[in-house]
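[1] Got a sequence here, can you model it:
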Amino acid sequence: MNKKNAYIVLTITVFSMIVSFIDAVVHPDYFVKIPIKILFFLVLPAVFFVINKEELKEFKKLFIFKKRGILKSLLLGIALYMVILMSYFLTENIIDFSNVTSNLTEGMGIGVDNLLYVSLYVSLMNSFLEEFFFRGYGFITLKKYTNRKFAYLFSSSIFAIYHVGMLVGMFGIGALSLLLLGLIIGGCIFNYLNEINDNIYSSWFVHMFADFAINTVGLILFGVL
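    Here you go, the predicted structure:
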């Protein structure tokens, strides 16, 4: 393992675990957590590209918009939105969702008054931060210094593990295990989409619609819809 490979793997692991720990133990209000995520998922990872000036060109490439593949990503995102909503309606009498609203309110300060604002931030901005961190930095960049299979497995697995801090109090072990498996599979799909176009926009659009669906479920659980 070379130095750049080790640096990327270490920082992704440490930064994601810090944010997950904050979610699980500290329970800050969501609007307090926003600058924390910007720091660990954007500012600090960008240090790698500043230190390694030859990588700045590759850093910029992650944000170059390409029309190729975007329509497919949008259609996939819309399909995923429908699948997630359908899954909720099919399982609402099987899986206990009663802890979701209480955990969001007590643990993150999210309620009916600010749910819409949080939902918009999560779908548009938070999804972009995660796509840069886990796919742009944690997959596209990492893949240059390690083998492709490791980059796929590491990026998707750490993406799932990072969500444990947020989900652990909301669901039982069975539902949580299924969600984590879905996150690993979803992470691999996101990696594949970005690998085709060599930027983060393809997965961002799909991730955005997935968050739209999850937030729609949240609005339903809070009685807004």
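
[2] going forward, measure contacts and count neighbours with C-alpha atoms only.
    Fine.

[3] Point to the residue nearest the middle of this structure.
    By CA atoms, centre = their mean, the chain has its centre lying nearest to residue 130, at 4.4 Å.

[4] and the one helix or strand that one maps to, what other elements does it pack with?
    Residue 130 belongs to helix 127-130 when assigned by DSSP states H and E. Under the contact criterion of 3 or more CA pairs under 8 Å, 6 or more residues apart in numbering; DSSP states H and E, helix 127-130 touches helix 201-221.

[5] So what's the gap between the helix it packs on and the chain middle?
    Relative to its parent chain, helix 201-221 has a centroid offset of 11 Å by CA atoms, centre = their mean, to the nearest Å.

[6] buried set for that helix?
    By 16 or more other CA atoms under 10 Å, the buried positions in helix 201-221 come out as 201-219.

[7] what's the answer for stretch 31-44, then?
    Neighbour counts using 16+ other CA under 10 Å place 33, 36, 37, 40, 41, 42 of stretch 31-44 among the buried residues.

[8] Can I get these in a markdown table including secondary structure, pLDDT and distance to residue 172?
    Shown next, in a markdown table, are those (DSSP: H, G, I helix; E, B strand; the rest coil; pLDDT from 0 to 100; distance: CA to CA, whole Å):
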| residue | secondary structure | pLDDT | distance to residue 172 |
| --- | --- | --- | --- |
| 33 | helix | 87 | 25 |
| 36 | helix | 93 | 28 |
| 37 | helix | 92 | 26 |
| 40 | helix | 95 | 29 |
| 41 | helix | 95 | 28 |
| 42 | helix | 93 | 32 |
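
[9] out of the residues you listed, who's nearest residue 114?
    Among those, residue 33 lies closest to residue 114 (CA to CA), at 14.5 Å.

[10] what's the distance between that closest one and residue 21?
    Residue 33 sits 12 Å away from residue 21, going by CA to CA, to the nearest Å.

[11] Give me the average confidence score over the helix or strand containing residue 104.
    Here residue 104, judged by DSSP H and E, is contained in helix 98-108. For helix 98-108, the mean per-residue pLDDT is 72.

[12] how many other residues sit next to residue 60?
    11 (other CA atoms under 10 Å).

[13] Renumber starting at 673 from here on
    Happy to do that; since the first residue is 673 now, the last one works out to residue 732.

[14] Name the residues of the helix or strand containing it that are buried.
    Using DSSP H and E, the element containing residue 732 is helix 728-733. Using 16+ other CA under 10 Å as the test for burial, helix 728-733 gives 730, 731.

[15] Tell me the helix or strand right after it.
    Next helix or strand after helix 728-733 toward the C-terminus (DSSP H and E): helix 742-763.

[16] picking up where we left off before, export the helix holding residue 776 to PDB, keeping only CA atoms.
    The C-alpha coordinates for helix 770-780 follow below in PDB (Å, rounded to 0.1, in the frame of the first residue of the first chain):
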ATOM      1  CA  SER A 770     -42.500   4.400  15.300                       C
ATOM      2  CA  ASN A 771     -38.900   5.200  16.500                       C
ATOM      3  CA  VAL A 772     -38.000   7.200  13.400                       C
ATOM      4  CA  THR A 773     -39.900  10.400  14.300                       C
ATOM      5  CA  SER A 774     -38.900  10.300  18.000                       C
ATOM      6  CA  ASN A 775     -35.300   9.800  17.100                       C
ATOM      7  CA  LEU A 776     -35.300  12.600  14.500                       C
ATOM      8  CA  THR A 777     -37.000  15.000  17.000                       C
ATOM      9  CA  GLU A 778     -35.100  14.100  20.100                       C
ATOM     10  CA  GLY A 779     -31.800  13.300  18.600                       C
ATOM     11  CA  MET A 780     -31.500  15.900  15.800                       C
END
